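A.B. asks: Sequence plus predicted model, see below.
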Amino acid sequence: MECHPETLQKLSQCFLHTLSPVPEPRRAAERSLSEAADLPNYGLAVLNLVAERSVNEQTRHAAAVNFKNHLRSRWLPAGDSGISPMVNSEKEQIKTRIVSLMLSSPPRIQSQLSEALAVIGKRDFHRSWPGLLPELVSSLQKAALRGDYASVNAVLGAANSIFKKFRHQYRTNDLLSDIKYCLETFAPSLQEVFLKTYDSAASGSGAADLKPLFESQRLCCRIFFSLSFQDLPEFFEDHMNEWMGVFEKCLSSNFPALESTAEGLTVVDDVRAAVCENINLYMEKYGEEFQPFLEGFALAVWTLLRDVSKSPSRDRLATTAIKFLTTVSTSAHHALFAGDNVIKEICQGVVIPNVSLRDEDEEIFETNYTEFVRRDMEGSDVDTRRRIACELLKGLATNYKRQVTEVVSLEIQKLLSSFATQWKDKDCAIYLVVSLATNKARGASVSTDLIDVQSFFANVILPELQSHDVNSFPMLKAGSLKFLTVFRTHLPKPFAIQLFPELVRFLRADSNVVHSYAASCIEKLLLVKDEGGKSRYVASDISPFLRQLMTNLFEALTFPESEENQYLMKCIMRVLGVAEITGEVAGPCIVGLTSVLSEVCKNPKNPTFNHYIFESVAVLVRRACERDLSLISAFETSLFQSLELILDNDIAEFLPYAFQLLAQLVELNRPPLSPNYMQLFSLLLSGEYWERNANVPALVRLLQAFLEKAPHEVTQEDRLSQVLRIFHKLVSGHSTEEQGFYILNTIIEYLDYSVIAPYMKGIWNVLFERLQSKKTVKFQKFLVVSMSLFLVKHGPVYLVDTMNTVQPNIFASILEHIWIPNLKLIMGTVEVKLTAVAATRLICETPAPAVSKLWGKALDSIVTLVSRPEQERDVDEPNEMPENVGYTAAFVNLYSAGRREEDPLKDIRDPKQFLVASLGRLSSASPGRYPQIIGENLEETNKAALLQLCKAYNCGIA
């Protein structure tokens with residue numbers, strides 16, 4: 001694309017039309033730009049349009065946004081994206097122009113170009129763009145000299161975006177070399193601007209003039225953080241006094257001209273928060289160098305927090321400041337908190353004000369329950385004031401547990417005594433107890449020294465749970481339910497069972513949070529285990545109120561905004577996994593679940609909720625049919641409509657689930673399968689569904705079910721050939737080879753040899769070709785398992801003969817180079833038993849490994865397999881990049897619909913005993929031959945292990 005005036009005019013019109021509220025011209029313009037983006041020099045042409053001052057700013061801004069996005073996708077596209085990268089000549093011209101254009105542009109455009117520059121910098125800085133940093137430094141110095149803080153901040157913003165990567169990369173010599181280059185080139189000018197800017201800000205001016213100065217300070221602080229993250233820079237260590245001096249002034253000084261308004265206060269607080277992050281970093285990583293400044297900063301932060309904690313709107317500053325004190329409290333310098341009443345002052349002045357409910361918390365509770373639950377119950381509130389304040393107490397308790405316990409216990413009593421007039425104080429007390437509970441060494445059990453749990457529960461929590469009005473004081477109800485959830489293991493079983501009806505009642509609360517917490521509490525209670533791993537609550541414990549429980553759960557799913565409430569659905573799943581599922585229970589449940597499923601099929605939004613729906617269906621079907629197999633037809637009637645809806649509408653997110661449920665239904669049926677299933681089998685063999693990797697494990701699972709339950713039907717109408725074509729495709733791909741072996745192993749296990757014999761040469765051909773093209777350890781182990789299964793199912797003679805049809809004597813080569821070396825690497829109880837028995841039969845029942853050395857090496861590998869633990873036999877396999885990278889619907893296994901692992905050798909209990917007994921029989925036929933072979937070929941460790949096995953099973957080798 002040439003940058004003629006006509007081109008720029010056409011581009012200008014397109015960008016103008018992209019801003020149109022009328023759909024037709026907007027879409028046409030977007031299509032034109034998308035097509036033009038494939039042309040060489042498109043990015044350069046758009047940049048020229050951005051630079052054209054005669055074009056109105058709105059159009060130039062739209063072009064700048066497009067330019068930034070164009071760079072993101074085209075500067076260095078992924079190899080498999082199919083997007084053509086920009087040519088090098090275009091890239092070089094853009095690099096030459098972008099910095100100067102950014103500095104001369106209006107603020108809105110400048111911001112976009114700064115981001116575009118950062119995009120290039122992330123990919124090319126600094127080795128492919130050695131001129132960038134010197135140009136930024138030169139521009140920074142000139143702008144600072146002019147007092148042009150719009151340009152200063154544009155340069156600092158670009159540098160900050162580029163240097164951010166230093167915070168997240170692994171520490172390597174190359175990374176440290178890059179940081180050293182940046183420090184040598186940029187740090188002196190950065191420091192000069194930082195110090196000069198603070199002096200200008202401190203001298204006082206109007207709010208409008210101060211805002212860009214404080215933004216400059218904030219950016220300098222963020223760059224300081226990035227450059228210090230990996231290691232203490234020598235430059236900053238040499239100039240610690242200057243940097244730390246200004247940092248402390250930022251925390252301890254007031255700036256009335258700005259702080260008089262909420263917006264201005266936020267600007268100042270952003271700088272203070274950035275300073276707190278810097279000093280926290282230095283406290284954590286460079287404590288020895290930072291120690292001379294510690295006391296001054298601790299005092300400054302503590303003084304600042306006294307004021308900040310009273311303000312509901314200064315969240316970021318409050319959390320970063322409290323984090324700093326927490327870091328100090330757990331460091332070697334914790335003695336700063338050892339003074340009289342220090343912990344008491346912190347608790348009263350910092351912790352209680354920040355833990356107390358604010359208007360914002362109530363608003364989130366009422367308007368965004370998922371966010372509230374995520375913060376409060378799931379622990380995503382790591383950066384909220386409530387959680388950070390409690391983390392400070394935990395930090396102090398590391399060295400001053402007795403003092404913290406005494407002070408907090410007293411504060412809790414004060415809060416509870418004022419409950420009559422202030423319900424929020426009771427909430428604060430409950431939150432403190434729950435947040436300061438500590439996990440025990442194992443399980444979900446927690447403990448606390450602040451209170452006697454059972455007494456606190458009886459006096460504080462129980463009255464809330466027994467309240468007749470489930471809708472009064474909903475936040476207090478939620479806090480009480482959370483307390484019960486956290487301390488669930490402390491409550492005696494009889495007492496907890498009496499509470500179940502109360503929890504069932506709370507499922508009808510109007511508040512989304514309250515009925516979510518009630519559901520979560522029930523679900524967690526049903527997971528409690530006593531000593532020995534035995535479940536504390538069983539079906540008989542919940543049967544008296546099971547019907548009401550399920551009614552309330554499904555009813556709650558109809559409440560506004562809880563239609564896809566994952567906590568309710570997870571509770572349904574858990575209850576169905578514990579309860580006694582009779583026909584009276586199963587009927588309403590399957591109707592309720594299929595009704596919900598049909599609704600979410602219209603627009604799947606919540607993956608977690610969706611997973612629990614399918615898991616609930618799977619556990620219901622499994623447990624109901626375990627009790628009464630006649631229910632299978634009722635389930636089919638209810639489920640087929642929903643499953644057909646998923647298949648007919650090709651709902652990608654749900655297809656893997658649908659195939660797993662169908663596999664479960666097939667396995668529960670008794671042969672012969674109905675025509676509906678065989679119609680589905682024909683659909684299964686079509687290639688369309690197999691094209692998506694997310695479907696493959698579920699499709700294989702379904703195919704295995706058909707091979708097991710309908711082996712006769714599978715062999716009709718050339719279906720087996722189609723199955724084997726699927727096997728061929730899967731086993732040839734690295735990411736799907738395991739699934740291919742699952743199909744093969746099921747064919748070997750459930751089909752007669754007379755059926756599979758005509759296909760075996762082709763099967764071995766496919767496997768040996770794959771072995772030749774990509775010989776990975778993983779593939780070889782799969783092959784050993786499949787060959788072992790074939791041997792135990794159809795005999796060693798057929799195994800050897802069918803493999804040798806591919807190439808004369810190929811079996812001996814496979815045995816020596818694949819089977820024997822990889823046998824000792826097999827993992828898994830069933831797999832170890834299978835391969836050990838198969839290899840034993842191979843050396844004891846066939847003439848194939850007649851060569852003494854080969855026989856001895858095979859025995860050596862068998863002894864290693866059966867006598868050594870897995871961790872000693874395991875080898876590190878190289879990680880390989882997946883073949884397909886990009887977004888796809890993911891396969892998620894349904895636990896309750898999982899295929900049960902079958903032992904193909906149920907009649908053989910102990911592979912070790914089978915080995916020595918077989919060796920005993922073999923050696924008795926040729927006395928004296930095998931001890932010599934064993935002595936010459938087995939490792940010393942394995943000789944001793946074999947001798948030990950012979951003694952253990954009282955069987956000698958003659």
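C.D. replies: Done, it's in. Numbering: from 1, shown residues only.

A.B. asks: could you measure the nearest residue to Ala836 once chain neighbours are set aside against Thr829, distance?
C.D. replies: Leaving out its chain neighbours, the residue that sits closest to Ala836 by Cβ to Cβ, 6 or more residues apart in numbering is Pro911, at 3.9 Å. Every residue, glycine included, has its C-beta placed from N, CA and C. Relative to Thr829, Pro911 is positioned 10 Å away (Cβ to Cβ, to the nearest Å).

A.B. asks: which one of those two has more residues nearby?
C.D. replies: Here Pro911 and Thr829 are set side by side on neighbour count (other Cβ atoms under 10 Å), and the busier one is Pro911, at 21 against 11.

A.B. asks: Does that one touch Val830 like I think?
C.D. replies: No: judged on Cβ atoms under 8 Å, Pro911 makes no contact with Val830 at a distance of 10.6 Å.

A.B. asks: that older thread, ok, now which ones touch the residue nearest to Ala836?
C.D. replies: When contacts are counted by Cβ atoms under 8 Å, 6 or more residues apart in numbering, Pro911 touches Val832, Lys833, Ala836, Val837, Thr840, Val866.

A.B. asks: which ones are touching the spatially closest residue to Glu2 that is not a sequence neighbour?
C.D. replies: Nearest residue to Glu2 in three dimensions, chain neighbours excluded: Asn41, at 7.2 Å (Cβ to Cβ, 6+ apart). The contact partners of Asn41, by Cβ under 8 Å, 6+ apart, come to Met1, Glu2, Cys3, Val87, Glu90.

A.B. asks: just the helices in the stretch 51-200 of the chain please.
C.D. replies: In the stretch 51-200 of the chain, helices defined by DSSP state H, counting those that start in this stretch lie at 57-74, 88-104, 107-124, 132-146, 149-163, 173-202, listed in chain order.

A.B. asks: Give me the below-cutoff pLDDT ranges for this structure.
C.D. replies: By pLDDT under 70, the low-scoring segments of the chain are 79-81, 379-382, 419-421, 440-445, 847-851, 875-890, 958.

A.B. asks: need the longest helix for it.
C.D. replies: helix 385-417 (DSSP state H).

A.B. asks: Now the element after that helix, going C-ward?
C.D. replies: On the C-terminal side of helix 385-417, the closest following helix or strand by DSSP states H and E is helix 423-435.

A.B. asks: ok and that next one relative to helix 385-417, angle-wise?
C.D. replies: 120 degrees (axes from the mean of the first three to the mean of the last three Cα atoms, to 10 degrees).

A.B. asks: now the closest residue to Pro233 other than its chain neighbours: how far from Trp690?
C.D. replies: Take Pro233 and drop its neighbours on the chain: the residue closest to it by Cβ to Cβ, 6+ apart is Leu183, 5.1 Å away. Leu183 sits at a distance of 54 Å from Trp690 (criterion: Cβ to Cβ).

A.B. asks: just Ser104 next, same as before
C.D. replies: For Ser104 relative to Trp690 (Cβ to Cβ), the value is 56 Å.

A.B. asks: Compare neighbour counts for those two and give me the winner.
C.D. replies: Of the pair Ser104 and Trp690, Trp690 is the one with more neighbours under other Cβ under 10 Å, namely 19 against 14.

A.B. asks: quick one, helices of the stretch 401-550 of the chain?
C.D. replies: Assignment of helices within the stretch 401-550 of the chain using DSSP H, counting those that start in this stretch yields the ranges 423-435, 453-456, 462-465, 474-486, 493-506, 512-525, 539-542, 546-556.

A.B. asks: As a markdown table, these with distance to Glu636 and mean neighbour count would be great.
C.D. replies: What follows is the helices of the stretch 401-550 of the chain, written out as a markdown table (distance: least, Cβ to Cβ, whole Å; neighbours: other Cβ atoms under 10 Å):
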| stretch | distance to Glu636 | mean neighbour count |
| --- | --- | --- |
| helix 423-435 | 46 | 22 |
| helix 453-456 | 48 | 16 |
| helix 462-465 | 42 | 16 |
| helix 474-486 | 37 | 23 |
| helix 493-506 | 31 | 17 |
| helix 512-525 | 28 | 26 |
| helix 539-542 | 25 | 16 |
| helix 546-556 | 21 | 19 |
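
A.B. asks: JSON lines for these, including distance to Gln664?
C.D. replies: Written out in JSON lines, the entries for those read as follows (distance: least, Cβ to Cβ, whole Å):
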{"stretch": "helix 423-435", "distance to Gln664": "39"}
{"stretch": "helix 453-456", "distance to Gln664": "42"}
{"stretch": "helix 462-465", "distance to Gln664": "38"}
{"stretch": "helix 474-486", "distance to Gln664": "31"}
{"stretch": "helix 493-506", "distance to Gln664": "29"}
{"stretch": "helix 512-525", "distance to Gln664": "23"}
{"stretch": "helix 539-542", "distance to Gln664": "21"}
{"stretch": "helix 546-556", "distance to Gln664": "21"}
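
A.B. asks: And the ones you listed: which comes nearest Ser331?
C.D. replies: Distances from Ser331 to each of the helices of the stretch 401-550 of the chain were compared by Cβ to Cβ, and the smallest falls on helix 423-435, at 22.0 Å.

A.B. asks: hang on, the earlier thing: from the chain's centre, how far out does the longest helix of the chain sit?
C.D. replies: Distance of helix 385-417 from its chain centroid, counting by Cα atoms, centre = their mean, to the nearest Å, is 32 Å.
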